[in-house]
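Participant: take a look and give me a structure for this.
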Amino acid sequence: MSTSFDTADDRVLFDVDPDGRIATITLNNPAHRNTYDPAMRDAIARCLDHAAEDDDLTVVLLRGAGGTFSTGADMNNAYGWYGAKSGDDEPARPSRPSQRRRLTVDRKSFGFYHNLLGFPKVTVGEISGYALGGGFEIALMTDISVIARDARIGMPATRFLGPALGSLHMFFHRLGPVMARRLLLTGDIIEAGELAHLGIFTETCDPEAVPARARYWAQKAAKMPADGVVIAKEAFRLVEQSQVYQGEEVASYLFHAFGTNLQFAPGEFNFVKTRAQLGTKEAFRLRDEHFHVPEPEA
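Facilitator: Numbers count the residues shown, from 1 in each chain. Model (predicted):
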């Protein structure tokens with residue numbers, strides 16, 4: 001038997017298997033590769049809060065509809081994440097945010113990721129297709145992660161927002177300093193299979209096996225004593241906070257807020273400006289063209 005929870009946003013689905021003690025959160029925006037905007041992210045946060053407060057749940061399974069995990073924050077309106085500005089006689093419109101507005105909003109935004117990173121129940125990631133940007137961060141934050149060998153992962157937004165993007169401490173801890181620097185300083189998108197030997201994800205498998213393998217790990221974790229899981233998760237967080245994440249809460253939103261106010265020199269690619277002039281699709285094409293460097297011939 002399963003039940004559902006009304007998220008007030010059909011782009012986020014929440015189902016509960018009370019007998020199995022597993023809740024499933026599905027990002028349901030497949031037409032846009034499960035990108036999420038502030039309203040969608042808030043719906044995810046409400047689902048997490050609901051699961052955290054339900055004593056009968058032990059595991060949360062995170063997945064994306066349509067064969068894609070998530071391509072992260074919706075960048076069709078980058079400034080829209082910071083709210084719109086309007087006058088008395090004009091409609092609200094996107095506006096370049098002040099630095100104080102960036103700091104305020106980014107501080108709240110990173111609260112979502114820190115809540116997920118320190119979530120009291122076991123989180124299992126079912127990761128297929130793409131896990132980019134914020135989707136990649138969420139995938140790395142899960143306790144147990146099953147990823148398709150051909151899944152495309154990375155932080156491509158660093159190419160137009162700068163390398164000081166996202167939870168830097170988490171990247172260095174989970175990816176290791178070498179891989180973290182490579183992905184953040186190049187914006188490369190790579191296949192998960194390239195990282196299988198590093199043990200970053202719990203299991204790397206063929207794409208068609210991902211749903212069943214993720215469900216297997218969720219069921220396995222759900223057999224654990226619920227109180228023991230919560231105690232362990234708090235112990236894990238204490239260890240990571242003392243060894244790895246000191247200063248993370250402040251550093252993440254500060255660097256992100258400052259980094260999204262970049263000045264572009266001649267010859268550097270300004271994605272936001274290009275998108276405003278030529279549209280999103282053309283801006284992505286020109287971005288990829290600008291950053292393409294052919295491999296040297298052997």
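Participant: shaky segments in the stretch 101-250 of the chain?
Facilitator: 164-165, 247-250 (pLDDT under 70).
Participant: going along the chain, name the helices of it.
Facilitator: Secondary structure of the stretch 101-250 of the chain by DSSP state H, counting those that start in this stretch: the helices cover 134-141, 158-161, 168-175, 177-186, 210-222, 226-243, 248-259.
Participant: angle of the first one against helix 168-175?
Facilitator: So that's helix 134-141. 60 degrees (axes from the mean of the first three to the mean of the last three Cα atoms, to 10 degrees).
Participant: circling back to that earlier point, highest mean neighbour count out of the helices of the stretch 101-250 of the chain?
Facilitator: With neighbours taken as mean count of other Cβ atoms under 10 Å, the helices of the stretch 101-250 of the chain reach their highest mean count in helix 134-141, at a mean of 24. C-beta here means a position set from N, CA and C on the backbone, and glycine is covered the same way.
Participant: same for it, what does it pack against?
Facilitator: Counting by 3 or more Cβ pairs under 8 Å, 6 or more residues apart in numbering; DSSP states H and E, the packing neighbours recorded for helix 134-141 are helix 99-117, strand 122-127, strand 152-154, helix 168-175.
Participant: give me the angle between the longest one and strand 122-127.
Facilitator: Taking the same axes, to 10 degrees, one finds helix 99-117 and strand 122-127 inclined to each other by 110 degrees.
Participant: need the CA coordinates for helix 99-117. CSV is fine.
Facilitator: Extracted C-alpha coordinates of helix 99-117, given in CSV (Å, rounded to 0.1, in the frame of the first residue of the first chain):
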residue,chain,number,x,y,z
GLN,A,99,24.7,42.4,-3.5
ARG,A,100,22.7,42.6,-0.3
ARG,A,101,19.8,40.9,-2.1
ARG,A,102,22.1,38.2,-3.4
LEU,A,103,23.5,37.5,0.1
THR,A,104,20.0,37.3,1.7
VAL,A,105,18.6,35.0,-1.0
ASP,A,106,21.6,32.8,-1.3
ARG,A,107,21.8,32.4,2.5
LYS,A,108,18.2,31.0,2.4
SER,A,109,18.9,28.9,-0.7
PHE,A,110,21.9,27.2,0.8
GLY,A,111,19.8,26.4,3.8
PHE,A,112,18.0,23.9,1.6
TYR,A,113,21.2,22.1,0.6
HIS,A,114,22.5,22.0,4.2
ASN,A,115,19.2,20.6,5.4
LEU,A,116,19.5,17.8,2.8
LEU,A,117,23.2,17.2,3.6
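Participant: between the helices and strands packed on helix 134-141, which one is closest to residue 285.
Facilitator: strand 152-154 (17.1 Å; Cβ to Cβ).
Participant: give me the contact list for the closest one.
Facilitator: Residues outside strand 152-154 that contact it (Cβ atoms under 8 Å, 6 or more residues apart in numbering): 129-132, 136, 139, 147, 183, 187-192, 195.
Participant: in strands, which of these fall?
Facilitator: Taking DSSP state E as the definition of strands, the contacts of strand 152-154 contribute 130, 131, 132, 147, 189, 190, 191.
Participant: burial of the residue nearest to the fourth one when sequence neighbours are not counted, as a residue count?
Facilitator: With sequence-adjacent residues excluded and distances taken as Cβ to Cβ, 6 or more residues apart in numbering, residue 147 is closest to residue 127, at 4.1 Å. As a burial measure, residue 127 scores 30 neighbours (other Cβ atoms under 10 Å).
Participant: and residue 127, how far is that from residue 16?
Facilitator: 21 Å (Cβ to Cβ, to the nearest Å).
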